[in-house]
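A.B. asks: sequence first, predicted coordinates after that:
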Amino acid sequence: MATRDAYGKTLVALGRINKDIVALDADLSTSTRTAWFGKEFPERFFNFGIAEANMISAAAGFAACGKIPFASTFAVFATGRVYNQFRTSVAYPNLNVKVVATHSGISIGEDGPTHFCVEDIALMRALPNTTVLIPADAAETEAAVKACIEHVGPIYLRLGRPKVPVIFEESYKWTGEPLTFKIGGSVTLREGGDLAIIASGLMVSEALKAAEELEKEGIRTMVIDLYSIKPIDEDTLVKAAKETGAIVTAEEHNVLGGVGSSVAEVLVETVPVPMVKVGIQDTFAESGPMNDILVKYGLTASNIIEAAKKVLKRKE
Amino acid sequence: MNTAGGKDAPHNEQLINELNKIALEIRRDILMMTTNAGSGHPGGSLSAADIITALYFHHMRHDPKNPKWEDRDRFILSKGHSCPALYAALARCGYFPREALWTLRKVGSILQGHPDMIKTPGLEASTGNLGQGLSIGIGMALAARLDHKDYQVYVLLGDGEIDEGQVWEAAMAASHFHLDNLVATVDLNGLQLDGYTGDIMSLEPVGDKWRAFGWYVMEIDGHNMREILDALDMAERIKYKPTAIIAHTIKGKGVSFMENQVKFHGEALSEEQLNEALKELS
């Protein structure tokens, strides 16, 4: 299931319980799945047309009156296009607005770089008061959307278009144990003393694949699903750096300012260890079928393996 | 909170005089605050002073003792740089002590250079990056409808501000959603930072533009208290569409050497100029 589908489903379920939830969209509700909420709660669904700036500031108005607005559109429009609106109308007054962006990264494939979004994490995490979350699969998305309701304040929730592999069991369990999604948290999916792969979103499943391959070569690999970029789980990152002494980060985002940068910012001031960032290498990329694009722009398990070997050499 | 006899009081001579007197005091405060701060935007604050006075001291339902009263009318100063006028009004209503006015733009003040709804009691939105207030008002007006509340949402825009495309996104949406609980007032003083609005970016015909977007439009003299009050009353009677009040105003209104002078858009008076101005405003 795609993370956007899990969002659509969860929002409807929460809408039944919490009457303060309103959903806003900018003519992409069929794609972002807020249309599902609109179908069940037409009086609480507002389509603003192709006018994202108006939508984001209106969300601020809703929040100022006690509503919990979920404003959705594609990541490229939900961030860069309305950066000043979000910054001034929402983040500065610390209003309870949830911007849930779908179609992030480059995995939308054929639509191409105009519609890719490889800079949103950098933009949104630079804003005070703002929480940035990137769930890895459907179950984690459901948990993240629920956390959005519990947390009072601006949140940027980054979702994708494609179907993604199932990582967590239903009701957000890992190896049979129920997990708690916590803003500022992470999930350590595998333990290992040689190397830690810290990944977000689409790259978490690639990180797990890479770890399995590395394990076959005797490289004991820790894998961390870093779903909360801001606030960030400093304790777990520090522990991982101490235990392994080598870090690879993996993200579907420009390597400038994203997940890798967030991790580096923590470690450089605590436990500086060799590190390699897997991600989009400061390019807008190009159109193409998703799998071809992910290969060409270096977002696969084999890129992570390559990075792991590079970083292990530096560790020696 | 109505210091002038209650919202339903007739617009008699006594009420008009009382409000004009308050507006004069607000004008004096605007100039003293900005000169004390050494910066700020006195010109557009003076052009908005009468409209803000009419709203806060007669027309709007609000309670300074209970700033978060759920049924209060909301006012959003979308042209956030004119906040000295709003701060002066809020202080006079009792939202915070008058002494705070002399801390404007200073470190630790509750009165920021542009409106901050967290720091300043009585503010409904953080504004000043132009073009966003009407959209915020749409969210509030829709929330009122969902909650079956009858409060009104008033947004004050600058005329230079309506260069911003977002204003027209909002204009389109407000009429699409039939927001008859939303009133946009344009402070049409004819000047923006770089000069005459007609030279920088042609706005006219302003009224026709709002009309074309589906709004009920009134054009008034934005310094004539009776016209302002009548227009605000009329706006509440208009159903099924939002109302735009195009208020023809004078930038720097009330001080002869400031009127229509673009330099006082964003420049405070010197002590000497202030003394001159206060003599005129007495």
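C.D. replies: That came through, no problem. Numbers count the residues shown, from 1 in each chain, chains lettered A, B, ... in the order given.
A.B. asks: let me know the pLDDT of whichever residue of chain B sits closest to chain A.
C.D. replies: Nearest residue of chain B to chain A, counting by C-beta to the nearest C-beta: B:G139, 2.2 Å away. The C-beta positions use only the backbone N, C-alpha and C, and glycine is treated the same way. The model reports B:G139 with a pLDDT of 98.
A.B. asks: number of nearby residues for A:V271?
C.D. replies: Around A:V271 there are 16 other residues, counting by other C-beta atoms under 10 Å in any protein chain shown.
A.B. asks: contact partners for the nearest residue to it once chain neighbours are set aside?
C.D. replies: Spatial nearest neighbour of A:V271, excluding adjacent residues (C-beta to C-beta, 6 or more residues apart in numbering or on different chains): A:A241 at 3.9 Å. Counting by C-beta atoms under 8 Å, 6 or more residues apart in numbering or on different chains, A:A241 touches A:196, A:247, A:267, A:270-271, A:273.
A.B. asks: how close does A:A241 sit to chain B?
C.D. replies: Distance, A:A241 to chain B, by C-beta to the nearest C-beta, to the nearest Å: 37 Å.
A.B. asks: in whichever helix or strand that residue is part of, which residues are buried?
C.D. replies: Using DSSP states H and E, A:A241 falls within helix A:234-244. By neighbour count on 16 or more other C-beta atoms under 10 Å in any protein chain shown, the buried set for helix A:234-244 is A:236-237, A:239-241, A:244.
A.B. asks: so what secondary structure elements neighbour the next helix or strand after that helix?
C.D. replies: As assigned by DSSP H and E, the chain's next helix or strand after helix A:234-244 is strand A:247-254. The contact analysis (3 or more C-beta pairs under 8 Å, 6 or more residues apart in numbering or on different chains; DSSP states H and E) places strand A:247-254 against helix A:120-125, strand A:195-199, helix A:203-216, helix A:259-268, strand A:275-280, helix A:301-315.
A.B. asks: sheet partners, orientation included, of strand A:247-254?
C.D. replies: strand A:195-199 (parallel), strand A:275-280 (parallel) (DSSP bridges).
A.B. asks: what residues does the shortest one touch?
C.D. replies: I take that to be strand A:195-199. Residues from elsewhere that reach strand A:195-199, judged by C-beta under 8 Å, 6+ apart: A:136, A:206-207, A:210-211, A:214, A:219-226, A:237, A:240-241, A:243-244, A:246-251, A:259, A:263, A:304, A:308, A:311-312.
A.B. asks: tilt between it and helix A:259-268?
C.D. replies: 130 degrees (axes from the mean of the first three to the mean of the last three C-alpha atoms, to 10 degrees).
A.B. asks: strand A:195-199: how far from the chain's middle?
C.D. replies: Centroid separation between strand A:195-199 and its chain, computed with C-alpha atoms, centre = their mean, to the nearest Å, is 16 Å.
A.B. asks: now that strand: mean pLDDT?
C.D. replies: Mean pLDDT, strand A:195-199: 98.
A.B. asks: cool, and stretch A:37-51?
C.D. replies: Averaging pLDDT along stretch A:37-51 yields 98.
A.B. asks: same check on stretch A:1-8?
C.D. replies: Averaged across stretch A:1-8, the pLDDT comes to 97.
A.B. asks: what residues of it count as buried?
C.D. replies: By 16+ other C-beta under 10 Å, the buried positions in stretch A:1-8 come out as A:2-8.
A.B. asks: re earlier: which of the helices and strands packed on strand A:247-254 sits most buried?
C.D. replies: Ranked by mean neighbour count, these are led by strand A:195-199 with a mean of 31 (mean count of other C-beta atoms under 10 Å in any protein chain shown).
A.B. asks: next, name the residue at the spatial heart of chain A.
C.D. replies: Relative to the mean C-alpha position of chain A, the nearest C-alpha, by C-alpha atoms, centre = their mean, is the one of A:I134, at 1.8 Å.
A.B. asks: gap between A:N47 and A:R81?
C.D. replies: 17 Å (C-beta to C-beta, to the nearest Å).
A.B. asks: err, B:N260, not the other one
C.D. replies: 37 Å.
A.B. asks: what is the burial count for the spatially closest residue to A:G112 that is not a sequence neighbour?
C.D. replies: Excluding its sequence neighbours, the residue lying closest to A:G112 (C-beta to C-beta, 6+ apart) is A:S287, at 3.6 Å. Residues contacting A:S287 under the criterion other C-beta under 10 Å number 16.
A.B. asks: in which helix or strand does A:S287 reside?
C.D. replies: Applying DSSP H and E, one finds A:S287 in no helix or strand.
A.B. asks: mind listing what it touches?
C.D. replies: Shown in contact with A:S287 (C-beta under 8 Å, 6+ apart): A:109-113, A:293.
A.B. asks: which outside residues touch stretch B:84-98?
C.D. replies: B:1, B:3, B:22, B:25-26, B:29-30, B:33-34, B:40-42, B:45-46, B:48-49, B:52-53, B:56-57, B:62, B:64-65, B:67, B:75, B:77, B:100-101, B:104, B:110-111, B:115, B:120-123.
A.B. asks: what are the ranges of the helices in the stretch 1-150 of chain A?
C.D. replies: In the stretch 1-150 of chain A, the helices defined using DSSP state H, counting those that start in this stretch lie at A:3-17, A:29-32, A:34-40, A:52-64, A:75-78, A:83-85, A:120-125, A:138-150.
A.B. asks: I should have written the stretch 51-200 of chain B there, sorry.
C.D. replies: In the stretch 51-200 of chain B, the helices defined using DSSP H, counting those that start in this stretch lie at B:83-93, B:133-146, B:165-176, B:197-200.
A.B. asks: show me where the stretch 51-200 of chain B has strands.
C.D. replies: Taking DSSP state E, counting those that start in this stretch, the strands of the stretch 51-200 of chain B run over residues B:74-77, B:153-158, B:182-188, B:191-192, B:195-196.
A.B. asks: residues of the stretch 151-282 of chain B that sit close to chain A?
C.D. replies: Neighbours of chain A within the stretch 151-282 of chain B, by C-beta under 8 Å from any C-beta of the partner chain: B:165-166, B:169-170, B:172-173, B:176-177.
A.B. asks: just the buried ones from the residues you listed?
C.D. replies: Those of these that meet the buried threshold are B:166, B:169-170, B:172-173, B:177, by 16+ other C-beta under 10 Å.
A.B. asks: which among these gets closest to A:L123?
C.D. replies: Taking C-beta to C-beta as the measure, A:L123 lies nearest B:Q166 of those, at 18.6 Å.
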